[in-house]
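Engineer: Sequence unavailable; structure follows:
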């Protein structure tokens with residue numbers, strides 16, 4: 001089980017990834033300092049898998065580990081990459097009304113996401129921005145691959161009692177796809193600062209400890225949501 005979780009975490013942070021994001025023109029080339037960032041609490045992720053790779057208890061455990069990793073490590077990671085003076089997780093469910101909007105990216109690309117309808121009621125500093133993360137999902141599946149090693153590519157089969165032949169062996173990597181949508185909301189001016197769609201798809205690996213995996217997953221999320229933003233250092 002530990003090895004399975006280890007493979008799962010590693011797959012989320014390997015280099016094969018893509019990202020589409022948009023910075024609102026009003027915030028381009030700006031540097032905003034000493035603001036407060038509110039992160040809407042993340043309570044669960046959608047995990048899909050094929051071929052019964054995981055059982056229900058393993059799915060629950062992986063979900064819990066992902067939630068805890070973000071809750072414990074995202075704040076310090078964002079502090080290291082941004083100019084925010086304060087960062088807090090807040091349960092916004094009872095404080096926010098959302099409406100679905102179409103958000104345009106480069107070219108004809110776009111996606112829909114739920115945006116605040118009005119200013120969010122938050123006590124304290126008026127210079128407040130809100131990070132919303134939506135539709136965070138993980139897809140675990142197997143992908144067949146080729147190999148140049150004949151010893152691995154062929155297996156012995158016996159179609160009849162008197163016949164033996166070499167047959168292609170089906171080799172497969174376990175792959176994880178991870179995706180989410182995000183938006184940084186200017187609460188004072190009631191408009192988006194930036195938003196984007198993040199996607200990774202990677203195969204499992206074996207040569208890194210779990211602590212490093214957790215740190216790199218958080219690094220990937222924090223670098224994605226702050227890239228080229230007015231808060232980036």
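Structural biologist: Yep, it's here. Predicted model only: the values in this text are computed from it and were never measured.
Engineer: drop to CA atoms for contacts and neighbour counts, all remaining ones
Structural biologist: Fine.
Engineer: neighbours around residue 184, how many?
Structural biologist: 24 (other Cα atoms under 10 Å).
Engineer: Ok, residue 107 next?
Structural biologist: 6.
Engineer: Mind listing what's buried along the lengthiest strand in the chain?
Structural biologist: What stands out as the longest strand in the chain, according to DSSP state E, is strand 128-145. Neighbour-count burial for strand 128-145 flags 128-134, 136-138, 140-142 (criterion: 16 or more other Cα atoms under 10 Å).
Engineer: same thing with stretch 110-119?
Structural biologist: 113, 114, 115, 116, 119.
Engineer: do stretch 54-67 as well
Structural biologist: 54, 59, 62, 63, 65, 66, 67.
Engineer: mind listing what the last one touches?
Structural biologist: Taking Cα atoms under 8 Å, 6 or more residues apart in numbering as the criterion, residue 67 is in contact with 42, 43, 44, 45.
Engineer: ok, now the second one?
Structural biologist: With contacts taken as Cα under 8 Å, 6+ apart, residue 59 has the following neighbours: residue 47.
Engineer: Can you give me the distance of it to residue 70?
Structural biologist: 17 Å (Cα to Cα, to the nearest Å).
Engineer: Same question for the third one.
Structural biologist: Here residue 62 is placed at a distance of 13 Å from residue 70 (Cα to Cα).
Engineer: which helix is the longest one in this structure?
Structural biologist: Determined from DSSP state H, the single longest helix within the chain is helix 56-81.
Engineer: Buried residues of the helix or strand following that helix, list them for me.
Structural biologist: Counting by DSSP states H and E, the next helix or strand C-terminal to helix 56-81 is strand 86-90. Neighbour-count burial for strand 86-90 flags 87, 89 (criterion: 16+ other Cα under 10 Å).
Engineer: who touches strand 86-90?
Structural biologist: Residues contacting strand 86-90 (Cα under 8 Å, 6+ apart): 34, 35, 36, 37, 38, 39, 40, 41, 71, 75, 79.
Engineer: mind listing what the fourth one touches?
Structural biologist: Going back to what we said before, that points to residue 37. Contacts of residue 37 (Cα under 8 Å, 6+ apart): 84, 86, 87, 88, 128, 129, 130, 131.
Engineer: One more: the second one?
Structural biologist: Residue 35 makes contact with 83, 84, 85, 86, 125, 127, 128, 129, according to Cα under 8 Å, 6+ apart.
Engineer: Show me the two of the residues you listed that sit farthest apart.
Structural biologist: Based on Cα to Cα, the longest span within the contacts of residue 35 runs between 83 and 125 and measures 15.2 Å.
Engineer: Show me which of these two is the more surrounded one.
Structural biologist: residue 83 (19 against 10).
Engineer: Provide a list of residues in contact with that one.
Structural biologist: Contacts of residue 83 (Cα under 8 Å, 6+ apart): 32, 33, 34, 35, 231, 232, 233.
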